[in-house]
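Colleague: below is the structure, and that's it, no one-letter string:
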């Protein structure tokens, strides 16, 4: 009979998707140029020409039996080796091919990582504000997501709250830095303190606690931000990466799991991912995309637009009196709303064709997210509109 | 802590993979041309030039933001529509885009289909001989795989055995026609009888029983074979397809779920697949591959080599006194071994560099599988070797 769990999920609505659909519909009415659509976190710059060239070259000169042939379930060996080498060179790690599992984007990487280090009923902690999809990602794996309240003054880790939520059933802690939705990058101090905390708790509980680091925004870091490589600081760590943002290839579903060579069972976790894959649909990234990406490792799209947009918006928001923490990366900013209800605030903004996402689904009430992966020209045009919105709707501030 | 279920799976070995690795190693010693490697079911002909051209054209003229952008989680709407139209035209169905869910190959399609129509603990029946991966595919979804013994005289459905295994906990029946490993295509008579049986049981039990049809070999059907489109015969049916074999794109991970419009909740099952995907890693096929495949729907690789090879092998096997049912499709043949132990038979064959897969893992003892997706020239050279093997090892037959 029809599975009731999944059927019930059909009633749930994604506020982000709804707003994005509203923006498109509104665009049909008044021209999409006139809709200041800050809803979706979708790259706004194309992939590097080098990627297109690499793929075209493969098609032209490669043997179709190789390019389109089965990838081993852990990924193509030469690609895994290239990924390991690239990480070692950049971050001083000592990955080998055997520590890398190629996955269908960060979502695929997380689906495997969660199953590697938890059993049904175990808990995974994450920190507010967090990407709302972590709910279904974790809960449908059989583990249970628990959320540590935010530290709203800086959106680093709230250690006091962490101490309260932590318990023996927690087998993994999930972080996302640079962070969606706050745009904040966890500092070296934060990561060190978190690592110390987890080491202590591992000893206290007598079991491993894995740090799963979701890093799709790793390459979008702004000038001056302290952006430590998480796995350098904690042995029981797993890095989950996606090329969706760095190479603007979100539809090509390619990323990886990188298992810290020093973690418990470090030599078998990637192989376990291969076993997990048998149960969840062999969602190996396409062979041709693996091969093309391996030719452009270390390169990125021109990501500079995101920093330009951030600076424009941050300055405007501060000038307009918003309480906002300056992002260190990503293409998000997360200011405090001008009234308690983020929902009411965002509904008022819609009247000005400003499409803002209320923060409640991110696990923090009273804020809103702007995804500024849009043209800089539109960001500039949106600022006077934002100003008018604030003055008209909140005249007494 | 490390998940013990997946960790234990690491000890399990795939006999097919072991034999394939043996064949490669042996090839290093004596030249791969001299190894008659019938182990792996991997297409031996390239994808059609039209596919390569379609992809090259997309790269050249398409907007990289579209080609590589996020696909909706159910697949790109125009692609789903094109798939539905193509199926309707070929098989007289009435699919709409809303009945199609694009999936990462047949494995991905099955992972979604199982979760749609079962809850943990429910049973899924399949028929021996069967693809051994059905075990982990089903069991890791939370359902339980039960196997109906084979009808070895023709490898159609053994209805007597089916009646005995059938019970109220069975929520789905999984068939694979054309069949791996037998090469047999279920006849119209078989499908009609199976549909009647399931209709009766649905009434008796008072719940739906879904027929999940795994069809990656649908396009590899030989002259004269009766190859009915399964979903025409039973309303509660889900077709799971892959382009891996028909377009020789196994590494590109593209296929689909086609939900029979007449089945229970026919309008929501594909949408449910989108929800399921959130939990198992958003294993949507790559956007660029969806777009390129949609340009070549109805085309296939040159699949004629498989029929040529089948005829050569079938004639030789019959001449040598093997008991063998003539395949109606696929690139497999499944003869009876010349002694009770298929394992012992295949070990002896190895001495002649004939790499045959014993049948035990397919749920039938005493047979062996030959995957003849290899060069015809090598098939021809293998026949005198097969003859020598039989004469020397089984002289009294």
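Modeller: Sure thing, it's come through. All of these numbers come straight from a predicted model, not from anything done at the bench.
Colleague: tell me the contacts of the nearest residue in space to residue A:185 that is not next to it in sequence?
Modeller: Nearest residue to residue A:185, sequence neighbours excluded (CB to CB, 6 or more residues apart in numbering or on different chains): residue A:328, at 3.6 Å. From N, CA and C alone the C-beta is placed, and that goes for glycine too. By CB atoms under 8 Å, 6 or more residues apart in numbering or on different chains, residue A:328 lies in contact with A:178, A:183, A:184, A:185, A:221, A:222, A:224, A:225, A:226, A:227.
Colleague: out of the residues you listed, which end up buried?
Modeller: Listed as buried from those are A:178, A:183, A:184, A:185, A:221, A:222, A:225, A:227; burial here means 16 or more other CB atoms under 10 Å in any protein chain shown.
Colleague: just put those in TSV and tack on distance to residue A:153 and secondary structure.
Modeller: Output for those, formatted as TSV (distance: CB to CB, whole Å; DSSP: H, G, I helix; E, B strand; the rest coil):
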residue	distance to residue A:153	secondary structure
A:178	18	coil
A:183	15	coil
A:184	11	coil
A:185	16	coil
A:221	21	strand
A:222	20	coil
A:225	18	coil
A:227	20	coil
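Colleague: now, the most widely separated pair of the residues you listed?
Modeller: Longest distance between any two of the buried ones among the contacts of residue A:328 is 12.2 Å, between A:183 and A:227; criterion CB to CB.
Colleague: shared neighbours of these two, anything?
Modeller: Common neighbours of residue A:183 and residue A:227 (CB under 8 Å, 6+ apart) are A:328, A:329.
Colleague: quick check: residues of the stretch 251-397 of chain A near chain B?
Modeller: A:251-253, A:264-265, A:268-269, A:271-272, A:275-276, A:278-289 (CB under 8 Å from any CB of the partner chain).
Colleague: indicate the residue of the stretch 1-150 of chain A located nearest to chain B.
Modeller: Chain B sits closest to residue A:140 of the stretch 1-150 of chain A, with a gap of 2.5 Å, by CB to the nearest CB.
Colleague: could you measure the closest residue to chain B within the stretch 151-300 of chain A against residue B:172, distance?
Modeller: Nearest to chain B, among the residues of the stretch 151-300 of chain A, is residue A:279, at 2.5 Å (CB to the nearest CB). Distance of residue A:279 to residue B:172, given as CB to CB, to the nearest Å: 16 Å.
Colleague: swap in residue A:62?
Modeller: Distance from residue A:62 to residue B:172, by CB to CB: 40 Å.
Colleague: could you do residue A:356 as well?
Modeller: Residue A:356 is 44 Å from residue B:172, by CB to CB.
Colleague: excluding chain neighbours, what is closest to the most centrally placed residue in chain A?
Modeller: Central residue check for chain A by CA atoms, centre = their mean: the C-alpha nearest the mean position is that of residue A:216, 4.8 Å away. Once flanking residues are discounted, residue A:216 sits nearest to residue A:242: 4.1 Å by CB to CB, 6+ apart.
Colleague: show me how far the helix or strand where residue A:278 lies is from its chain's centre.
Modeller: Counting by DSSP states H and E, the element that carries residue A:278 is helix A:269-280. From the chain centre to the centre of helix A:269-280 is a distance of 22 Å (CA atoms, centre = their mean, to the nearest Å).
Colleague: quick one, strands of chain A?
Modeller: Using DSSP state E, the strands found in chain A span residues A:36-37, A:100-103, A:123-127, A:144-148, A:170-176, A:210-214, A:237-242, A:255-259, A:332-333, A:354-355, A:357-358, A:368-371.
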